[in-house]
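Q: Predicted model follows, preceded by the sequence.
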Amino acid sequence: MLRLAAMLFAIIGTTLAGSFIVASLVLGYDTTRPIIIAAVLGFIVAVPVSYLVARAILGSDKPRRAA
């Protein structure tokens, strides 16, 4: 599952980083620091998202708790 999550991270990380950069530019933060912060936040958010997507693709080994 780690291999799949790593491959998904390459796609999801760049997508989220790009989306966060576009959002910061739309909000008027057009200097270097906010753009870099947005890109880093996109990559940080992509780590758990990649894991969750990989788990959803492969199916969960553990039973889910009732909500």
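A: Yep, that arrived. Note that the structure is a prediction, hence the values are computed from the model and not measured. Numbering: from 1, shown residues only.
Q: quick one: the helices in the chain?
A: Taking DSSP state H as the test, the helices found in the chain are 2-26, 32-58.
Q: and residue 29, what does it touch?
A: Counting by C-beta atoms under 8 Å, 6 or more residues apart in numbering, residue 29 touches 35, 38. Bear in mind the C-beta positions are built from the backbone N, C-alpha and C, glycine included.
Q: Give me the phi and psi for it.
A: The phi/psi pair for residue 29 (degrees, to the nearest 10) reads phi -90, psi 90.
Q: Need the pLDDT of it.
A: We have a pLDDT of 95 for residue 29.
Q: Spatially nearest residue to residue 23 (excluding sequence neighbours)?
A: residue 38 (6.9 Å; C-beta to C-beta, 6 or more residues apart in numbering).
Q: how close does the one you found get to residue 9?
A: 18 Å (C-beta to C-beta, to the nearest Å).
Q: gap between the residue nearest the centre of the chain and residue 5?
A: Residue closest to the average C-alpha location in the chain (C-alpha atoms, centre = their mean): residue 46, at 1.8 Å. For residue 46, the distance to residue 5 (C-beta to C-beta) stands at 10 Å.
Q: neighbours of residue 21, just the number please.
A: 19 (other C-beta atoms under 10 Å).
Q: I figured it hits residue 42, correct?
A: Yes. With contacts counted by C-beta atoms under 8 Å, residue 21 reaches residue 42, the gap being 7.3 Å.
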